[in-house]
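Asker: Generate coordinates for the sequence data below:
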Amino acid sequence: MKPSLLSFAIVLLSFASAYAQSDLAVIDINASSDANNWVPQGLSTSLEVTVQNVDSMMIPAGDSALVSIQHGSFVSDAWIHFDSGLDTMETYTHNFGWDNRLMFSASLDTALLIGMATHLSDTNLSNNQFEETFYASTIVNNDWHAGIIKIIEPSNLNFFDVDNNTNIPPPLTSVRVDLVNTGTVTYLPGTLINYDVYVLDDVRSLSGYIGESAVSSGDISTRTITNQALLPVIPDSAGTYQLCARSTVPNDLTSNNNAACTIFKMVDNYDPTDPANWPFAVDEVADLNAKVFMSENQLVLESKSQTELEIIDLSGKIIYTDAFNGSHSHSMLDYNAGIYFVRLIASDASIQTEKVF
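Answerer: As a prediction, the model looks like this:
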């Protein structure tokens, strides 16, 4: 990507060789692959180059070398620094990072990668270049699945009481997902990894990159999501729900083991028989001017004067009105089973309320 750096290093080499001598060799190139250099097709992988001091003298502390990796028009280079020096036969591996990934698409198929290194006092240029071939594969054992998924925040989500939909559940603000590598592909630091987090049909497709250490077979990559906008919305009604995660790495060999879930419950502890929850917020009247009772699905009423009748459901809606004087009955057969309120308004405008089932 910066051929001028290589040219600059070669010019400096002609001056440095007069004062010191070293032999820094490129001995290996790595991509996220299995032991056969098979890379999952569709994977965006970081790249690594390994150099070794094959001279009899130690490369002094503070020295630097220019390393690069190339495939066709793709070139990435970087200065590496030997802060503690590099002893004889000691190796140093440089990862080119998440922002220098190479996509192994279907069209790539076979990729010849070329690694190069230039140390300013290197007098043996014959081992400064190394080539290795990698293959985009659809049958490599690339197998990931979600392990543990945990709600960190909010901590009070399980058994949250929606209370007749008057309480709004708190949003997800921190979730941890463990992604387990059960295949044979070692994912290098900086390699892209994809996964979903979802509740019901609210699916959030996420991507990140492997951190400082490679993730080999049996290893775990822990992802912590703290951006509320990236997390699914919590349902606002009572029920049992699952927060799930699933790996979506390309060409996953075994897709039926990708998901893991954690269960949480939303409850509704609203009690319609509690007078505090009645539409009129009054208790039953003990000393009634009129009598109200149920008899074989008939609402039976008796009053001593002209009385207006209102039947009200739990939502506070008036569903029936009438007026009577003396004995009166009203069939409840056409009403859904449940709790209703009977409001009686006397001629003197006094009101009494009864609850019937």
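Asker: Ala259 versus the residue nearest to Asp236 when sequence neighbours are not counted, what's the distance?
Answerer: Using CB to CB, 6 or more residues apart in numbering and skipping the chain neighbours, the partner closest in space to Asp236 is Pro169 (5.8 Å). The C-beta positions use only the backbone N, C-alpha and C, and glycine is treated the same way. From Pro169 over to Ala259 the distance is 23 Å, taken as CB to CB, to the nearest Å.
Asker: So, low pLDDT: which residues of the protein?
Answerer: 1-20, 273-289 (pLDDT under 70).
Asker: Just to be sure, Ala106 is in a strand?
Answerer: No - remark: Ala106 does not belong to a strand; assigned using DSSP: H, G, I helix; E, B strand; the rest coil, it is coil.
Asker: quick one: contacts for Val162?
Answerer: Pro169, Asp236, Ser237, Ala238, Met266, Val267, Asp268 (CB atoms under 8 Å, 6 or more residues apart in numbering).
Asker: Now, of those residues, which are buried?
Answerer: With neighbours counted by 16 or more other CB atoms under 10 Å, the contacts of Val162 contain buried members at Pro169, Ala238, Met266, Asp268.
Asker: can you put the contacts of Val162 in JSON lines and add secondary structure?
Answerer: Listed next are the contacts of Val162 as JSON lines, based on three-state DSSP:
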{"residue": "Pro169", "secondary structure": "coil"}
{"residue": "Asp236", "secondary structure": "coil"}
{"residue": "Ser237", "secondary structure": "coil"}
{"residue": "Ala238", "secondary structure": "coil"}
{"residue": "Met266", "secondary structure": "strand"}
{"residue": "Val267", "secondary structure": "strand"}
{"residue": "Asp268", "secondary structure": "coil"}
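Asker: May I see the residues you listed organised as a markdown table, with distance to Ile210 added?
Answerer: Formatted as a markdown table, those follow (distance: CB to CB, whole Å):
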| residue | distance to Ile210 |
| --- | --- |
| Pro169 | 33 |
| Asp236 | 36 |
| Ser237 | 39 |
| Ala238 | 40 |
| Met266 | 35 |
| Val267 | 40 |
| Asp268 | 43 |
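Asker: Can you say which two of these are spatially most distant?
Answerer: The largest distance within these, taken as CB to CB, falls between Asp236 and Val267 and amounts to 12.4 Å.
Asker: Touching stretch 310-322 from outside, list them.
Answerer: 272, 279, 299, 308-309, 328, 330, 335, 338-345.
Asker: now swap in stretch 248-264 and tell me
Answerer: 40-43, 137-151, 157-158, 182-183, 193-196, 205, 240-247.
Asker: Just the buried ones among those, please.
Answerer: 40-43, 137, 140-147, 149, 151, 157, 182-183, 193-196, 241, 243-247.
Asker: Which of these fall in strands?
Answerer: In this view, the buried ones among the contacts of stretch 248-264 that belong to strands under DSSP state E are 40, 137, 144-147, 149, 151, 193-196, 241, 243-247.
Asker: re earlier: now do the same contact list for the residue nearest to Asp236.
Answerer: Leu157, Phe160, Val162, Ile234, Pro235, Asp236, Met266.
Asker: Kindly recompute the last result at 6 Å.
Answerer: Phe160, Ile234, Asp236 (CB atoms under 6 Å, 6 or more residues apart in numbering).
Asker: Include distance to Met294 when you put the residues you listed into JSON lines, please.
Answerer: Formatted as JSON lines, the contacts of Pro169 follow (distance: CB to CB, whole Å):
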{"residue": "Phe160", "distance to Met294": "36"}
{"residue": "Ile234", "distance to Met294": "41"}
{"residue": "Asp236", "distance to Met294": "35"}
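Asker: Many thanks, we can stop here.
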